[in-house]
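J.: My questions concern the predicted model and sequence given below.
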2 protein chains.
Amino acid sequence: MAEFYADMRDIRFNLFDFLNVGALTQAERFKDLDVEVMNDVLDMAYTQAAEVLFPVNASGDQEGVKLVDGTPRLPKGFKEAYKIFSESGWNGLSIPAEEGGQGFPRTLHIAAQELFTAANVNFMFTPGLTHGALGLVMEYGTADQKALYFERMLNGEWSGTMCLTEPAAGTAVPDLKSTASPIEGKPGFYKIKGQKIFISSGDQDITDNIVHMVLARVDGDPEDHRGVSLFIVPKMKVDARGKILGRNDVTCVGIEHKLGIHGSATCSLAFGDDGDCEGWLLGGQGEGLRIMFRMMNEARIAVGLQGVAQSGLAYEWSVRYAKERIQGSRLADSRKANPERVAIIEHPDVKRMLMHMRAITQGGRAMMLYGAYCMDQAETTSDEKEEKRYMHQVEILTPIIKAWCSDEGFKACELGVQVHGGYGYIREYGVEQLLRDVKIASIYEGTNGVQAMDLLGRKISRGGGVMMMTMLNEVNKLTNGPAKDGPFKAEIEALGKARDTLAATAMGFGQTMMKGDVDYPAFHAASFLQMFGDTIVAWLLIRQALIAAKLYDKRLQSKQVDPVDEHIGQFLVDDDEARYLHGKIATARYFVHNILPRVKARGAGIKSGDRSALDMVF
Amino acid sequence: MAEFYADMRDIRFNLFDFLNVGALTQAERFKDLDVEVMNDVLDMAYTQAAEVLFPVNASGDQEGVKLVDGTPRLPKGFKEAYKIFSESGWNGLSIPAEEGGQGFPRTLHIAAQELFTAANVNFMFTPGLTHGALGLVMEYGTADQKALYFERMLNGEWSGTMCLTEPAAGTAVPDLKSTASPIEGKPGFYKIKGQKIFISSGDQDITDNIVHMVLARVDGDPEDHRGVSLFIVPKMKVDARGKILGRNDVTCVGIEHKLGIHGSATCSLAFGDDGDCEGWLLGGQGEGLRIMFRMMNEARIAVGLQGVAQSGLAYEWSVRYAKERIQGSRLADSRKANPERVAIIEHPDVKRMLMHMRAITQGGRAMMLYGAYCMDQAETTSDEKEEKRYMHQVEILTPIIKAWCSDEGFKACELGVQVHGGYGYIREYGVEQLLRDVKIASIYEGTNGVQAMDLLGRKISRGGGVMMMTMLNEVNKLTNGPAKDGPFKAEIEALGKARDTLAATAMGFGQTMMKGDVDYPAFHAASFLQMFGDTIVAWLLIRQALIAAKLYDKRLQSKQVDPVDEHIGQFLVDDDEARYLHGKIATARYFVHNILPRVKARGAGIKSGDRSALDMVF
């Protein structure tokens, strides 16, 4: 049976060596924190992931969710794990202390969440959706609403869900048909009626109550986005003190049989089939979509996180398998009689797959944590210019983090299966579960096609392209800075070319759209998003390599080792820190030389002007 | 519930409009055939795929295989389907008439097999492996062996398997531990002892006997590839007339729980646990590997076929779903109040995904059928030069067809899931099964990494690079031919550049290897194979587009339609043939402009000389 591993050094490198998250404690909001306590939180998160969540991961996948008397029964051990998880305070890790949370930066929350998600993504649906619901109640709830729902979700007594999708309203959320009719004599309360589908952890048997955040249209409101309102709809009706009175009219009418996330209940929910479903308006009438969108950056980064988390675990397993599995002999020995048998990690093609997985994982992690860090900075800085600089980056990076990390994470998990050969295809080694589970990340929270259109249609063009300019300015700091003549000269030059291709492509899109052709850029939007992601990841990995190179030199000096010493290989085997730093540099170089050239290839496709697919009759 | 569809027009286009398979009937071997009968065979194959195999596909996946009293029970309906399938003569479709087969070209067999595999890949493991065993007995069996085993496998009474892999001998087949000890007084017969794993359809309950082709080492033979022999080991002992006498000592000790192919029994088999397993030497002692390799081209093309078949069905389903699913409005209408809701096929990003799937499917199909056609030509031509020209192409294309079609087929199925959105992730729509099932094709019959090494280490360098030169000469016929100044000028130029990059990369590999560095080329072998595949597919698709363009013009003339007529769109909707031809051209252009640029990007990575991953200590 597989064990749990995580690259804690890389996570710490991102937070402390690269982003310098410790400096956030200069902000009023984080003034009681320090690096040591953040490190402790990471350690605790690792322990909880390894000891509480991971042990019920494979079993949860195999057992799956069953509908028992109309209620989805989550896998064995999930209830106990949720109790421990909630009581440990993880639900409120980045919720401000004055609201009752732990008050840590989002960056740290995201780092911890990677560990939890890697350990058991199925389990994480309940706390993940609860976290979303918590945020809505915290930001938009009245005092009464907060008093009733906030703390109970925070402490894990109750859970939360997000109910957007309907059979005919997937991507097109405003097309929803659910209705809300005012209840006379009970201001703010409505009778809810409608059907929601694909509701993650939409019903389960591990919490006493479930607080649904439901989008519906108040009778008579406009039939478009302006008519969408948000309601708190608990599974169980409660009195003002939270005492459970009995069922609200919400029923789980089915659960999905899925490719993966078998341990998570994906529910169809019927609201008000018997005309007795009560909901409580949250925020202003007609403001449902606006409110939901406010939560979106964080939610979308969390989906990209799934890609990083699962590719990360796939990498950890694959590298260990490759070191243990003996098969064949070294290529250089292939003409010897009876050559020594070696571990498959000695085979260059296996190294290639591992390196690719590693580059995707570390690149995705760098981008996602950078995105979270920009959110923290934007929220805590007192400088308005700085706030803008960071928020522009958050806005433009959000769809990229979501789509790039989920698509590339799927690819990394595929390579993980491939490294394991036949054993990758069977259940025992766990990596096939990662492949099944991670695929959903490209689909939900807005498909990756929707992300590409968000990037192209909203983020690139808004404000005269200010978000993109802000982002590229950041990249320029590296390409125009002093490092351009150092040991990463070739890599920084390649980055500069990729940035030029990216900028020229965006410009070309602008010209095409000005001529009234929106379809051609939209056709290539996904390709453009990938180009953008590749460029940003290369930028981050090179910046990290610059830091790693300095730390590596220091390490060697402190150990009195010469980098060109013939025993350097053995030193790297023995010294975890030097090996990590050396590998960090190699990862950046691999990414730049073997993945980044895709930017030019994609740019060429876009530049071709070929409209075959658009003109074709399918 | 999903239905079965196949692009019969594209299959016929490949066979008759492009490859001109009808001309094969000039060969003595196929002299009794004609195009009409081949067309009839395709129709029959479609009917059988749709009416016999497909109806038990999804149910077979869901029911899976269960071990009942030590025997794997195949899903409901498989036994009946196998009876119909065998009695229809499909097992021997390309086996020469004088051997009792149907005597059709391999190209037609491969075309039919695409339909069967698309309809039910799980079912196809039994006939597929039987086909392999049949070939071995036909080519290498003594008269007695043929009399006993050949016809019974051909008519479906018995089935066959291939038993190569052992726990410590996967890719490294010669490391096997299974032994064969001569039985005194029974020349040619041996006691077999050993364990085999991952045996496809290795045991089942649908045929009376199972004829295992087992690799083992005769006592005292060399411990390397020279010591590997092949044995016929039936599940049930039989007398000389084929009467079943009782169990041979072969036991199914377990079946695998897998990512996909749930309806196929992947078995661990124990041979001779009680010391009573009899096997019959097939071919010469110590010739087991050589014999197996003889069957390999066909077997590997058949695995590439799985990628084509499943991406083909994923495409057919996705395009239909995209035409039916209403969601959102046209981009151009996005500023209108309450714009008309449209089918998602109107969204450019959906068109992009469909076109990509289509390009992969049609490109893979073209390459696989071309490979099979070269086999037919090599086997039937009386001109020795021509035989060589075709065999060189078969040799070099085999690993490319296997790896390119399976890897890209997986990608196409992933896009199929993505086109379906949330519905792609759930069981009902079938496409998630395709994604799970197709993944195995990258792993078995030599992982795709092994294919890349076969291409680089055996095919490119052997005979001073003659295979590659032969292949590129074929490409040059197009790039230097009259078409280069025609309507596909831009595409042919792009192909020429890709060919140059490919050739330069191979040359660079040669120089690196001459310096004694085999690891660097090996590190990039998979990338090189992809480049080669992209180039060959572009070459074939452009050639097909040239033909399609002529047929399209003719079609328009015959219907008296002007290609720039404003009603051309509606004409294409109404006229299946014109729509197919128009789409064929679009597919080639899409592939060349949007996929082929990868060749340069990959070439750049190889040219960089970056050795980070090779020098890294993981």
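T.: Yep, it's here.
J.: who touches A:Leu529 in this structure?
T.: A:Leu529 sits next to A:Pro399, A:Ile400, A:Ala403, A:Trp404, A:Asn448, A:Gln451, A:Ala452, A:Leu455, A:Leu456 when contact means Cβ atoms under 8 Å, 6 or more residues apart in numbering or on different chains. C-beta here means a position set from N, CA and C on the backbone, and glycine is covered the same way.
J.: If we use 10 Å, what do you get?
T.: A:399-400, A:402-404, A:407, A:448-449, A:451-456, A:459, A:602 (Cβ atoms under 10 Å, 6 or more residues apart in numbering or on different chains).
J.: Show me which of the residues you listed is closest to chain B.
T.: Nearest to chain B out of these is A:Gly449 (Cβ to the nearest Cβ; 4.1 Å).
J.: ok, the nearest residue to that closest one once chain neighbours are set aside - contacts?
T.: Nearest residue to A:Gly449, sequence neighbours excluded (Cβ to Cβ, 6 or more residues apart in numbering or on different chains): B:Asp349, at 4.1 Å. Going by Cβ under 10 Å, 6+ apart, B:Asp349 touches A:447-450, A:452-453, A:456, A:522-527, B:331, B:418-419.
J.: again, but for A:Met44
T.: With contacts defined as Cβ under 10 Å, 6+ apart, A:Met44 is in contact with A:Ser88, A:Gly89, A:Trp90, A:Ala112, A:Leu115.
J.: one more time with 7 Å, if that's ok
T.: Contact partners of A:Met44, counting by Cβ atoms under 7 Å, 6 or more residues apart in numbering or on different chains, are absent.
J.: What residues of the helix or strand harbouring it count as buried?
T.: Under the criterion of DSSP states H and E, A:Met44 resides in helix A:35-48. Neighbour-count burial for helix A:35-48, counted by 16 or more other Cβ atoms under 10 Å in any protein chain shown, picks out A:Val35, A:Met38, A:Asn39, A:Val41, A:Leu42, A:Ala45, A:Tyr46, A:Gln48.
J.: Turn these into a markdown table, including distance to B:Lys559 and pLDDT.
T.: A markdown table is the format used below for these (distance: Cβ to Cβ, whole Å; pLDDT from 0 to 100):
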| residue | distance to B:Lys559 | pLDDT |
| --- | --- | --- |
| A:Val35 | 76 | 96 |
| A:Met38 | 72 | 97 |
| A:Asn39 | 75 | 97 |
| A:Val41 | 72 | 98 |
| A:Leu42 | 70 | 98 |
| A:Ala45 | 68 | 98 |
| A:Tyr46 | 69 | 98 |
| A:Gln48 | 70 | 98 |
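J.: Go back to those and keep what's next to chain B.
T.: When Cβ under 7 Å from any Cβ of the partner chain is applied, no member of these is adjacent to chain B.
J.: and which of those is nearest chain B?
T.: Of the buried residues of helix A:35-48, the one sitting nearest to chain B (Cβ to the nearest Cβ) turns out to be A:Tyr46, at 21.0 Å.
J.: Find the nearest non-adjacent residue to the closest one, please.
T.: Distance criterion Cβ to Cβ, 6+ apart; nearest residue to A:Tyr46, sequence neighbours excluded, is A:Leu115 at 5.6 Å.
J.: what's near enough to touch the one you found?
T.: Counting by Cβ under 7 Å, 6+ apart, A:Leu115 touches A:Ala6, A:Ala45, A:Tyr46, A:Ala49.
J.: what residues are up against the last one?
T.: Shown in contact with A:Ala49 (Cβ under 7 Å, 6+ apart): A:Phe4, A:Leu115, A:Phe116, A:Ala118, A:Ala119.
J.: Could you do the third one as well?
T.: Neighbouring residues of A:Tyr46 by Cβ under 7 Å, 6+ apart: A:Ala6, A:Met8, A:Leu115.
J.: Longest strand in chain A, by number of residues?
T.: If you go by DSSP state E, chain A has its longest strand at strand A:189-200.
J.: anything in that one near chain B?
T.: Yes - contact between strand A:189-200 and chain B is present through A:Phe198 (criterion: Cβ under 7 Å from any Cβ).
J.: Pairing partners for that strand, with directions?
T.: strand A:179-182 (antiparallel), strand A:266-271 (antiparallel), strand A:278-281 (antiparallel) (DSSP bridges).
J.: how about that strand as CSV, C-alpha atoms only?
T.: Taking Å, rounded to 0.1, in the frame of the first residue of the first chain, the C-alpha atoms of strand A:189-200 are listed here in CSV:
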residue,chain,number,x,y,z
PHE,A,189,-37.4,34.5,4.0
TYR,A,190,-38.5,32.8,0.8
LYS,A,191,-40.0,29.6,-0.4
ILE,A,192,-37.3,28.0,-2.7
LYS,A,193,-38.2,25.7,-5.5
GLY,A,194,-35.9,24.1,-8.1
GLN,A,195,-33.4,21.5,-8.9
LYS,A,196,-29.7,21.7,-8.6
ILE,A,197,-27.2,19.1,-10.0
PHE,A,198,-23.5,18.3,-9.6
ILE,A,199,-23.5,19.6,-6.0
SER,A,200,-20.3,18.6,-4.4
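J.: what's the next secondary structure element after it?
T.: Per DSSP H and E, the first helix or strand lying C-terminal to strand A:189-200 is strand A:209-218.
J.: send the alpha carbons of that next one over as CSV?
T.: Taking C-alpha atoms only, strand A:209-218 is exported to CSV below (Å, rounded to 0.1, in the frame of the first residue of the first chain):
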residue,chain,number,x,y,z
ASN,A,209,-26.9,20.0,9.3
ILE,A,210,-25.8,21.2,5.8
VAL,A,211,-26.0,24.9,4.9
HIS,A,212,-26.7,25.3,1.2
MET,A,213,-25.9,28.5,-0.6
VAL,A,214,-28.5,28.5,-3.3
LEU,A,215,-28.9,30.7,-6.4
ALA,A,216,-32.5,31.3,-7.3
ARG,A,217,-34.7,34.0,-8.9
VAL,A,218,-37.2,36.0,-6.8
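J.: Which parts of the stretch 1-150 of chain A are strands?
T.: With DSSP state E, counting those that start in this stretch, the ranges of strands along the stretch 1-150 of chain A come out as A:66-68, A:71-73.
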